[in-house]
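Colleague: quick one, what's the 3D model for this:
(2 chains)
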Amino acid sequence: MTAYLLKRLAISLATLVLASIVVFAVLEILPGDPARLMLGMNASADQVELLRNQMGLNAPLLLRYLNWAGGLVSLDFGRSYTYSVPVMDLVRERLAVSLPLALIALALSTIIAIPVGLFSASRRGRAGDTISMGAAQLGVAVPNFWFALMLIYVFAVWLRLVPAGGFPGWSAGIWPALKSLLLPAVALALPQAAILARVTRSALIEVLNEDYIRTARAKGLPYRTVLWRHALRNAMIPVLTILGLQFAFLLAGTIIIENVFYLPGLGRLVFQAITQRDVIVVESVVMLLVAAVIAVNLVVDLSYAVVDPRLRSRQ
Amino acid sequence: MSLLEIENLSLAIGDTPILKGIELSVAPAEVMGLVGESGSGKSMTALTLMRLLPHAARATGRVTFDGIDILAATEDQMCALRGDDIGMVFQEPMTALNPVKTIGEQVAEGIRWHTRVTRAAAEERARKMLDRVGLPPAKFPLSRYPHELSGGQRQRVVIAIACALKPKLLIADEPTTALDVVLQAQILDLLRDLVAENRMGLLLISHDLAVVTEMADRITILRHGEVMEAGDTARTLSEQLHPYTRQLAQASMHVPARARSHDASQRQPLLEVEGVTRDYPGRPTSLFKPAAPIRAVNDVSLSMQPGQSVALVGRSGCGKSTMARMILALDKPSSGTVRFRGETITGKTEAELKPARRDMQVVFQDPYGSFDPRQKVEKLVAEPLHVLEKKPTHAERREMVAHALHEVGLDQRDMDKYPHEFSGGQRQRLSIARAIITRPKLVVADEPVSALDVSIRAQILDLFAELNQKLGIAYLFITHDLTVARAISDEVLVMHDGKIVERGKTNEVLDHPQSEAAKALVAAAPDLHRAIARKMQEQG
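Modeller: Purely as a prediction, here's the structure:
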């Protein structure tokens, strides 16, 4: 198990290094000079050249990569060209919104999806299954911003239970902050839950045909108990895989929802940085997301081994 | 007073009738053998007793267990019966246990559910039960997972689960079909002891007449969902009044008529295996020390003459399949050489092997798993033709497939069908057609009849014998079943722990085994003649 863990860690690190090279290279190739953008169209060539020197943009490529990568290791991401503050501060501020949002959405999605998947699988082909899978189909098909608008209309405009948008910051207290994250989290969670419920259902249906399910029934356990105790854990592997992918998506792919709810999240930060050629911010956030995805994958891989003892002994 | 009474039980799934008017009873401490070929409704009868039928199934008639009307019982009543008063053991031990739960959890689960004792008390009982079925806690702690056990050990766990609460009735559905003969004998002994200890009724379901005869007090013979004959085992099988009973008994003992085989004289051997060893990497115990390899095949030498039929027999895991793979050049020996038609085939590239591949083909055990379900028979049977030097034209190919199908007793019109349109026996004929289409000199057959019913199996053995005579194909049969070896081979090699421990003429080895391994195999192999004789003595 230790050997397995070390190997997985080494692979993760190598992936991270490789990703940093690719990210750095791609942004180098992209057109647009950050110095020119910062100074505006009227700046003279000398001024631009001066700034380029100041920013270290004229140094050799390799040196610049090493500088940047070295900074990443020590969590010094450099200074944003447009905001003129350390990137780390920007990211920290945005993560305070994006991370809780992703976690709440993920938790909601799991809480909705697993019971629906169980319900559907146990009533396979009957009315309950058809209805819940039809709903799931709808959940996959309808874009999440539409859900978001509906949610705002019902809960913020009509019932006035939660704010329609904006984020007061955690300094305003936990409850107000949470309240403003609630609707976006639900809007994000619904389509994810729909996908997850379908995966759970099909994984369960496959497991329910296995011989050991019959063995468990022959012990005298009621169907429902067999479903929870024997089927669910065996069906977890595909569910965990999808959960891992969804978490990565929820961290960064939430830009539309962030815009609908005026949330200062990571997605909007990246979007603005791209339009303003704030390369250093883009690079940093992308690397952060790469690291997050790799970390999530590592956790998912390890959780496979927790779920299935056969993977533990295989190394 | 019988424990279980089935009266006029009929069952239909949708509009398809599965069972028609079944009558059967089991008394306490009695072993009832339920015999029939696949599709005869044996398993459906068992599942009806447990009320674990598919949703679409509708049962009529009357099933009384211990005074309870099973067909009318509520689901709650059934849950109380299952695993407590009625236990069930299934055919496939490899898949019957939940892979993510320890054996302790799985045995204790039923105990806790029914008796509501504490976890510790349930585990204590589970430990005792596992010990009783031959898995002592010192070697097999409760924390073991199913994948850490062999097939025979897993079947013991399944039996422990079924018998943990001393059920009044145990239903065993083909409990030993997936095991080798030695394990089979051990599991049957265990079941017999458990019946005697607890005065448990046993409904033993099997397609193997010899197994049932050895075990059962009474026997019920099922065909197409109907009871053909029922009665005391000894009388039913010695008199064989019903034609189907006779047919089954004859098929179980069938030996194909073979003209005395070719003389194994001084011709050049077809196959020569010299000092072949195969090591597999073992599981590493430390991060730095290389693991000790596992030796699957240990210094095996053998030779086969053209047209000769040789059986390589041994228990599961003895290395016989690894040996077969190396002969077929599908696996590389760690050391030693394999020569085929005088040429060394070890260490050759796939291109260099092509001529050899043409002359050696293979038939696998499972006639269901060895065909791509989405391809037509023509394509499936023609598969080995790619090893020919010249690619045959479409017309030539059809001609060759038609010929091969004809030789195995199928119609050439079958060419345009898909595998699912064939029965198990017909599919095994298809695999044989696929094997002989290149006119090979050697066919390696890995347990070719062990998945088949007795009457089909007799037909397939006949076919093997016929093709041996007609086409002069040499066979290497890989099997744990001595009746196959006896029926169709000239010579037997007995393999044990990777080594060949005994070899000789088939009858000599099987009648007078010398080595321990061969003796164990012969003693454990169920034999209908012997079983009937013994029952006659017991039952008068």
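Colleague: any weak-confidence spans in the chain?
Modeller: If you meant another chain, say so; for now it's chain A. Chain A contains residues with pLDDT under 70 at A:1, A:313-315.
Colleague: could you do chain B instead?
Modeller: Within chain B, the stretches with pLDDT under 70 are B:1, B:259-266, B:283-290.
Colleague: for it, which residues are neighbours of chain A?
Modeller: B:50, B:52, B:75-76, B:79-84, B:87-88, B:90, B:92, B:95-101, B:106, B:109-110, B:113-114, B:145, B:147-148, B:158, B:161-162, B:283-284, B:287 (C-beta under 8 Å from any C-beta of the partner chain). Where you see a C-beta, it was placed from the backbone N, CA and C, and this is true even at glycine.
Colleague: what residues does chain A have near chain B?
Modeller: A:2-3, A:210-212, A:214-223, A:225, A:229-230, A:233-234, A:307-310, A:313, A:315.
Colleague: using PyMOL, define a selection of the buried residues within the residues you listed.
Modeller: Restricted to buried positions by 16 or more other C-beta atoms under 10 Å in any protein chain shown, the PyMOL selection for those reads:
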select buried, chain A and resi 210+211+212+214+215+216+217+218+219+220+221+225+230+233+234+307+308+309
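Colleague: sort out for me which of the residues of chain B next to chain A are in strands.
Modeller: Residues of the residues of chain B next to chain A located in strands (DSSP state E): B:87-88.
Colleague: show the buried residues in the residues of chain B next to chain A.
Modeller: The buried subset of these - by 16+ other C-beta under 10 Å - is B:50, B:79-84, B:87-88, B:90, B:92, B:95-101, B:106, B:109-110, B:113-114, B:145, B:158, B:161-162.
Colleague: which residue ranges form the strands in the stretch 251-400 of chain B?
Modeller: B:271-280, B:294-304, B:309-313, B:335-340, B:343-344, B:360-363 (DSSP state E, counting those that start in this stretch).
Colleague: for the shortest one, packing partners?
Modeller: Right, strand B:343-344. Using 3 or more C-beta pairs under 8 Å, 6 or more residues apart in numbering or on different chains; DSSP states H and E, no helix or strand is in contact with strand B:343-344.
Colleague: residues in contact with that strand?
Modeller: Strand B:343-344 is contacted from outside by B:337-338, B:356, using C-beta atoms under 8 Å, 6 or more residues apart in numbering or on different chains.
Colleague: what about those, which one has the most neighbours?
Modeller: Among those, B:V338 has the most neighbours (other C-beta atoms under 10 Å in any protein chain shown), with 23 neighbours.
Colleague: mind listing what it touches?
Modeller: Taking C-beta under 8 Å, 6+ apart as the test, what B:V338 contacts is B:271-274, B:276, B:326-327, B:329, B:344-346.
Colleague: now, the most widely separated pair of the residues you listed?
Modeller: Within these, B:E274 and B:A329 form the most distant pair, 14.9 Å apart (C-beta to C-beta).
Colleague: nearest to chain A, of the contacts of strand B:343-344?
Modeller: Looking at the contacts of strand B:343-344 and their distance to chain A, the nearest is B:V338, at 30.8 Å (C-beta to the nearest C-beta).
Colleague: what pairs with the closest one across the strands?
Modeller: Judged by DSSP bridges, the bridge partners of B:V338 are B:V273.
Colleague: follow-up on the earlier one: B:K139: which of the contacts of strand B:343-344 is nearest?
Modeller: Of all those, B:V338 has the smallest distance to B:K139: 37.9 Å, by C-beta to C-beta.
Colleague: please tell me how far that closest one sits from B:F477.
Modeller: 18 Å (C-beta to C-beta, to the nearest Å).
Colleague: please apply the same query to A:R214.
Modeller: For A:R214 relative to B:F477 (C-beta to C-beta), the value is 33 Å.
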